[in-house]
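Undergrad: Quick one: sequence and predicted model below, then my questions.
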Amino acid sequence: MSKRWITWLLAGVMALGLAGCGNGSSGGTSDGTAGETQQAVKEEKSTDSMNVATYLYKSEPLLNWDPSVEFSNGIVTFSNVYETLVFYDANTDKVEPRLATEYECSEDGLTWTFKIREGVKFHDGTDLNAEAVKFSIDRTMEKGMGASFIWDPVQEVKVIDDYTVEFDLKYPAALDLIAATGYAAYIYSPASVEGYGDAWPEGAECGTGPYVIQGFTPSKEIILSRFEEYWRDWKDNQFDKVVISKVEETATRRQIMEKGDGDITYALPAQDIEEMKQNQQLEITPEGTMQNVILFLNTEKAPLDNLKVRQALAYAYPYEDVVNYAVGGYAKQSVGVIPRTLWGHDDDLLQYSYDLDKAQALLDESGVDPSSINLLLTYTSGDEAIKKGCELFKTELAKLGISLELRAMSWETQWEMAKGAESGRQDIFVMYWWPDTPSPYTWLKNLYYSEETPYYNMNYYSNSDLDAMVDEANVITATDRDAAAKIYSDAQKLILDDCVSIFAYDIDNVWVTNKTFQGHVDNAAYPDVVFFYDCYRGE
């Protein structure tokens, strides 16, 4: 489990209903029953004129209907319904136009000007303009929820003319990367939203994206229908409708895919993947992600307040076995904090390796009796790869005389323990991390920056030198990314020297697709998203 669930936990599990948006002409109706929804989809699939795609998603496809608040699974839905000013292509490391046709930054990085695309319609029929951009970003900042913190550098959003927006910043920042974020950067219609207040209607959406929300089954399924007036136009073989369906059980997802009733899925066990390669109707595509698995060591609590003990644990971790056995080879051992697919990664950083003799020597130097070390490791229940990796780690530590208790917990319980009283906290906290904005800043600021009250820094680590480096790198990213990357590399060296975390592996997504489902290109900056406008039905 990961940070994205926090918004859900804080807001509560919202029961989903159906509401219209704008003039309602592009919406649909549903009585909220899964059976009838699925039957309707089957009937549409059987109609020659209807081209329907089905995404078998492992969890709820949406947790909060407000695009300024949603900070979790909803990225897989909202990325097809809303759009941002610009788009980050992780495969080329380039920022591309979307609702802005061009932008420029002042030499000091404090003023950013975006030219807004003309002729774009919101789903409610109103026009995109500079006022709508200002309204959306201002509202997101004012609400202060979800990933709204990405806009912290912004002092003011100004409308220069009907299709020009200026952002005045408090300090230099890479606003192009911020404006491309898959959370809290969506632009939506003021005409539809002004009457909502804080109670965004369930089922309502007011974006400019290629698809509108036609219907849904609460916590189970979203049905999208193409927006005929979409500004990029449509081709004959693109999908008319999209079904994003929650299918938690991996065995069920596999069965549906093998029967040919699903178009795309991921997150299946490695053994299933190997067996499914024999199915000639399926395509198996591993893709690198910006997600990594980190074991956070409690640096405030004995014996992990001892550097030598922490280093011993890092050398006792069986990296290769975890990658090959627990993850089935669909991962790579991490090098540093930043995953391989993101700028700021440095292959030349120290990489701890499995070396039990070295671990024993470090324990001897620490002066701590291994038989006195009894550690508690927490992880989120339901993740088989994490579980297997932790079991392997426990076995290796036992060879050193160290006791490791593995405790699978619900995310909310694991989170509460980590933020609770110091005496009751875990020794090792295992979690995935992936970016908000496509920048090393999200790892180093959220996970390693000094905090008075712990939020994501589950190492409980504080280093003023590191803080200064992170702040400096963030400021100069807008004007000199190469220099920023060098500073981020130096910051990672500090973290590795202090050995406050064990960086286990960077994971791959293994996509399973029906061979007739074509055009999907994974973009690691938008985790688990299928951009259906780019996809089509082929032979």
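TA: Perfect, thanks for sending it. Residues are numbered from 1 along each chain as shown.

Undergrad: now Lys332, what's its secondary structure?
TA: Classification of Lys332 using DSSP: H, G, I helix; E, B strand; the rest coil returns strand.

Undergrad: Could you double-check that it sits in contact with Thr341?
TA: No - Lys332 sits out of contact with Thr341 when judged by Cβ atoms under 8 Å, with a separation of 10.3 Å. Just so you know, the C-beta spots here come from the backbone N, C-alpha and C atoms, and that holds for glycine as well.

Undergrad: list residues touching both of the two?
TA: Each of Asp506 lies in contact with both Lys332 and Thr341 under the rule Cβ atoms under 8 Å, 6 or more residues apart in numbering.

Undergrad: Which residue ranges of the stretch 151-300 of the chain form helices?
TA: Secondary structure of the stretch 151-300 of the chain (DSSP state H, counting those that start in this stretch): helices at 175-179, 190-193, 250-259, 270-276.

Undergrad: All the strands of the stretch 201-350 of the chain, in order from the start?
TA: Using DSSP state E, counting those that start in this stretch, the strands found in the stretch 201-350 of the chain span residues 211-217, 221-226, 241-246, 264-265, 282-297, 331-333.

Undergrad: Now render those strands as JSON lines, adding distance to Met50 and mean neighbour count.
TA: Conversion of the strands of the stretch 201-350 of the chain to JSON lines gives the following (distance: least, Cβ to Cβ, whole Å; neighbours: other Cβ atoms under 10 Å):
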{"stretch": "strand 211-217", "distance to Met50": "12", "mean neighbour count": "24"}
{"stretch": "strand 221-226", "distance to Met50": "10", "mean neighbour count": "25"}
{"stretch": "strand 241-246", "distance to Met50": "7", "mean neighbour count": "23"}
{"stretch": "strand 264-265", "distance to Met50": "18", "mean neighbour count": "22"}
{"stretch": "strand 282-297", "distance to Met50": "23", "mean neighbour count": "21"}
{"stretch": "strand 331-333", "distance to Met50": "39", "mean neighbour count": "20"}
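
Undergrad: what's the following helix or strand after the helix ranked longest in the chain?
TA: The single longest helix within the chain, with elements called by DSSP state H, is helix 481-498. The C-terminal neighbour of helix 481-498 among helices and strands, as given by DSSP states H and E, is strand 501-514.

Undergrad: For Val510, name its beta-bridge partners.
TA: According to DSSP bridges, Pro286 are recorded as the beta-bridge partners of Val510.

Undergrad: what's the neighbour count on it?
TA: Here the count is done by other Cβ atoms under 10 Å, and Val510 has 21 residues near it.

Undergrad: hang on, it packs against Pro269?
TA: No - using Cβ under 8 Å, Val510 and Pro269 do not qualify as a contacting pair, with a distance of 9.8 Å.

Undergrad: pretty sure Ser371 is in a helix, no?
TA: Yes - for Ser371, which was evaluated using three-state DSSP, the result is membership in a helix.

Undergrad: got a list of what it touches?
TA: By Cβ under 8 Å, 6+ apart, the contact set of Ser371 is Gly401.

Undergrad: go on, Trp443?
TA: Trp443 sits in contact with 337-338, 433, 435, where contact means Cβ under 8 Å, 6+ apart.

Undergrad: what's the closest of these to Tyr171?
TA: Taking Cβ to Cβ as the measure, Tyr171 lies nearest Pro435 of the contacts of Trp443, at 20.3 Å.

Undergrad: Just say helix, strand or coil for the residue nearest to the closest one when sequence neighbours are not counted.
TA: Once its chain neighbours are removed from consideration, Pro435 has its nearest residue in Thr442; the separation is 4.6 Å (Cβ to Cβ, 6 or more residues apart in numbering). State at Thr442, reduced to three classes by three-state DSSP: helix.

Undergrad: Tell me how many other residues crowd Thr442.
TA: Thr442 is surrounded by 22 other residues when neighbours are defined as other Cβ under 10 Å.

Undergrad: can the strands of the stretch 201-350 of the chain go into a markdown table with extra columns for mean pLDDT and distance to Val133?
TA: Output for the strands of the stretch 201-350 of the chain, formatted as a markdown table (pLDDT from 0 to 100; distance: least, Cβ to Cβ, whole Å):
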| stretch | mean pLDDT | distance to Val133 |
| --- | --- | --- |
| strand 211-217 | 96 | 20 |
| strand 221-226 | 98 | 24 |
| strand 241-246 | 97 | 26 |
| strand 264-265 | 97 | 32 |
| strand 282-297 | 95 | 27 |
| strand 331-333 | 96 | 39 |
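
Undergrad: okay, these in TSV with distance to Asp124 next?
TA: Formatted as TSV, the entries for those read as follows, by distance: least, Cβ to Cβ, whole Å:
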stretch	distance to Asp124
strand 211-217	10
strand 221-226	15
strand 241-246	20
strand 264-265	30
strand 282-297	34
strand 331-333	44
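
Undergrad: Compare the ones you listed and give me the one nearest Arg253.
TA: Closest among these, once you apply Cβ to Cβ, is strand 264-265, at 4.9 Å.

Undergrad: Now do the closest one: everything it contacts.
TA: For strand 264-265, the surrounding residues in contact (Cβ under 8 Å, 6+ apart) are 53-58, 247, 253, 256-257, 511-514, 517, 520, 530.
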